[in-house]
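# just to be clear, the model below is a prediction. Sequence and coordinates:
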Amino acid sequence: MRFARVFLFIGAIGRLGSCASWAKNNDSCTPLPPGKGPKPELDISSYFLYDEKMTSPSKNAPTPAQWTRSFQGLNASSTGDNYLGYEILDSYDTFACADHCTEKNECQSINIFFERAPSIKPGRLCPNPPSTTLIKCTMWSTFVTEAKAKNHGSWDYNFERLIIDSNAYFNTRAIDPTTGLYPSPGPGQTFEYCGAERCYNRSGSRKKYQPSCFVL
């Protein structure tokens, strides 16, 4: 009986070691950077979507000078090509988001939103951790429209990522100086950064200024 207990104890230690190794190898249950956004009273997906303090910032967000709002208050963020990355903000600050965009010559649009994100990396041992709220500013070298806002969230183990309070803006510096019109992209078209005399695409090559500023 004593030997049986010893073997059971050794087996238990082996399983614990195996679990620790699995968690380490998969980097699960490790802390993730906390967000600065508001949190609902209850840490439940439905509360995140409908809590008033989660939905008011987009309604009151100012539009930066030389920018035009494309959409407001969606529960989805932009998707598609021409993605330039994102920044995590300390507040729902459209001006800060626009500043990040203008640091990139090819950036034409921004999308700012709250994201329900896990506070630790979900895994088998922590499938549904407490949430945190990230304030994300995504940047794009094309027009961001409501039709392209298709990211409603995703599942990571049992944790539900969600998007709320999503606003998008495009930079009016690309208005055609000869017509005063801001071009609308058509199927398969990609917008380029337009300066006063040249258009620049993302590869850095140049070509003569075209009123429509499109790559077909």
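Perfect, I can see it now. Since we're looking at a predicted model, the values are computed, not measured. Residues are numbered from 1 along each chain as shown.
# would you list every one of the helices in the protein?
2-26, 45-50, 52-60, 94-102 (DSSP state H).
# rank those helices by mean pLDDT and give me the bottom one.
Mean pLDDT is lowest for helix 2-26 out of the helices of the chain, coming in at a mean of 45.
# list the buried residues of the strand of greatest length in the chain.
When the chain is parsed with DSSP state E, its longest strand is strand 159-171. For strand 159-171, the neighbour count (16 or more other C-beta atoms under 10 Å) marks 159-171 as buried. C-betas here are computed from N, CA, C, even on glycine.
# average pLDDT for it?
Rounded mean pLDDT across strand 159-171 is 95.
# ok so, going back, Throw the buried residues of strand 159-171 into JSON lines and include distance to residue 53, thanks.
Formatted as JSON lines, the buried residues of strand 159-171 follow (distance: C-beta to C-beta, whole Å):
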{"residue": "159", "distance to residue 53": "22"}
{"residue": "160", "distance to residue 53": "19"}
{"residue": "161", "distance to residue 53": "19"}
{"residue": "162", "distance to residue 53": "15"}
{"residue": "163", "distance to residue 53": "16"}
{"residue": "164", "distance to residue 53": "11"}
{"residue": "165", "distance to residue 53": "10"}
{"residue": "166", "distance to residue 53": "16"}
{"residue": "167", "distance to residue 53": "16"}
{"residue": "168", "distance to residue 53": "21"}
{"residue": "169", "distance to residue 53": "22"}
{"residue": "170", "distance to residue 53": "28"}
{"residue": "171", "distance to residue 53": "29"}
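# for residue 46, give me its contacts.
If you count contacts by C-beta atoms under 8 Å, 6 or more residues apart in numbering, residue 46 has none.
# ok, back up a step: please identify which of the buried residues of strand 159-171 is nearest to residue 83.
residue 168 (13.2 Å; C-beta to C-beta).
# isn't the closest one right up against residue 149?
Yes. Applying C-beta atoms under 8 Å, one finds residue 168 in contact with residue 149, separated by 7.2 Å.
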